[in-house]
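Peer 1: I would like the atomic coordinates for the input below:
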Amino acid sequence: MQNQSFVTEFVLLGLSQNPNVQKIGFVIFLFSYIATVGGNLLIVVTIISSPALLGSPMDVFLAFLAFLDVCYSSAFAPKMIVDSLHERKTISFEGCMTQLFAEYLFAGAEIIILSAMAYDHYVTICKPLRYLSLMNGRLCGILMGVAWTGGFLHSVIQILFTFQLPFRGPNVINHFLRDLYPLLELACTDTHILGLLVVGSSGFICIIKFSLLLISYCVILFSRRTHSSEGRRKALANYGSYISVVVLFFVPCISLYARPPSAFSFDKMVAIFYTIVTPLLNPVIYTFRNKEVKNAIRKLWTKLLAVFN
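Peer 2: Model (predicted):
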């Protein structure tokens, strides 16, 4: 079946029609994107350049997560920054599909890698004597391959459904992103079934993954109940950062996709959160509780300063 769309481009209304709000959005988007890319790339470079960190499965996953955040943010932010300077914001049909593909690819891969990190924590605490046999370089490579494959398949499924929709009339999207639900509202056909498929393939999967991750961390913390109160506080502080990342990632996704496909007034704010805030906070949250990574960053900066001096 071939695409029946006669629409060659979509027009976005943006974050607001107020020019002053658009200027504020430009500044926020620009500096947030620079900080996101800089912070996450610093983590990637630090871990890659440190043999001790590169030998730790958790730090390898952390570098991979930071790389995914850079890719995910780069799929949206540059266009958002440019659009905030223009009164008329457009994107081609092909460009819209490309951005949707990138969104589901990197988000799907991130869901799987967050699950892999939770498994690493579980093995570390609950199976310490078997850690080296259960978590090795080969398994890390397999899990990262599974993350790419899972994200790719999830993205392809969403795009195949969307690409078949006929867009023959309105092309104005009341959003600053090319997201799936706003597109469904423009399709010249009944999208009720497709909307339910999106809820099932994205919303319910997010709920299930989120629940399993929270349960796994509860099991980890429960296993520390026999330790001293100081040990329990340290465990709660250490794993609290990882739980925070999981909450920051999944809650916005659940609020958007685990409901009927219709537009709500708060959707734009939720979109700002998961496209701008979450990738920006991830490196801060992870490095704040990771002494090894912080020490490696200090050593890297010391080497760089020595080179330039």
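
Peer 1: For the stretch 101-250 of the chain, which segments are assigned as strands?
Peer 2: Applying DSSP state E, counting those that start in this stretch to the stretch 101-250 of the chain gives strands spanning 172-173.

Peer 1: where does it dip in pLDDT?
Peer 2: The stretch 101-250 of the chain contains residues with pLDDT under 70 at 176-178, 191, 201, 224-238.

Peer 1: Asp69 and Tyr33 touch, don't they?
Peer 2: No: the criterion here is Cβ atoms under 8 Å, and Asp69 misses it with Tyr33 at 11.3 Å. (Each C-beta comes from the backbone N, C-alpha and C, glycine too.)

Peer 1: The strand or helix carrying Val293: which residues count as buried?
Peer 2: Taking DSSP states H and E as the criterion, Val293 maps to helix 291-308. Under the neighbour-count criterion of 16 or more other Cβ atoms under 10 Å, helix 291-308 has Glu292, Val293, Ala296, Ile297, Leu300 buried.

Peer 1: With adjacent residues omitted, what lies nearest to the second one?
Peer 2: Using Cβ to Cβ, 6 or more residues apart in numbering and skipping residues adjacent in sequence, the residue nearest Val293 is Thr287, 5.1 Å away.

Peer 1: top helix in the chain by residue count?
Peer 2: helix 93-126 (DSSP state H).

Peer 1: tell me the contacts of the residue nearest to the spatial centre of the chain?
Peer 2: Centroid check for the chain by Cα atoms, centre = their mean gives Ala107 as the closest residue, at 4.6 Å. Neighbouring residues of Ala107 by Cβ atoms under 8 Å, 6 or more residues apart in numbering: Tyr72, Gly151, Cys253.

Peer 1: Show the average pLDDT along the helix or strand in which the first one is found.
Peer 2: In this assignment (DSSP H and E), Tyr72 forms part of helix 57-74. When pLDDT is averaged along helix 57-74, the result is 90.

Peer 1: Can you list the helices and strands that it packs against?
Peer 2: If you count contacts as 3 or more Cβ pairs under 8 Å, 6 or more residues apart in numbering; DSSP states H and E, helix 57-74 packs onto helix 19-48, helix 93-126, helix 137-163, helix 278-288, helix 291-308.

Peer 1: Indicate which one of the ones you listed is closest to Ser244.
Peer 2: Each of these has some distance to Ser244 by Cβ to Cβ; the shortest is helix 278-288, at 5.5 Å.

Peer 1: can you give me the angle the closest one makes with helix 291-308?
Peer 2: Here helix 278-288 runs at an angle of 100 degrees relative to helix 291-308 (axes from the mean of the first three to the mean of the last three Cα atoms, to 10 degrees).

Peer 1: Name the residues of helix 278-288 that come out as buried.
Peer 2: By 16+ other Cβ under 10 Å, the buried positions in helix 278-288 come out as Thr278, Pro279, Leu280, Leu281, Asn282, Pro283, Ile285, Tyr286, Thr287.

Peer 1: chain center to it, what's the gap?
Peer 2: 12 Å (Cα atoms, centre = their mean, to the nearest Å).

Peer 1: which secondary structure elements does it contact?
Peer 2: By 3+ Cβ pairs under 8 Å, 6+ apart, helix 278-288 packs against helix 19-48, helix 57-74, helix 229-257, helix 291-308.

Peer 1: Could you pull up the mean pLDDT of the helix or strand just after the third one?
Peer 2: In the C-terminal direction, the helix or strand that comes right after helix 229-257 (DSSP H and E) is helix 267-272. Helix 267-272 carries an average pLDDT of 74.

Peer 1: CA-only coordinates of helix 267-272 in CSV, if you can.
Peer 2: Taking Å, rounded to 0.1, in the frame of the first residue of the first chain, the C-alpha atoms of helix 267-272 are listed here in CSV:
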residue,chain,number,x,y,z
ASP,A,267,1.1,18.3,26.3
LYS,A,268,3.6,21.0,25.3
MET,A,269,4.9,21.3,28.9
VAL,A,270,5.3,17.6,29.1
ALA,A,271,7.1,17.6,25.8
ILE,A,272,9.5,20.3,27.0
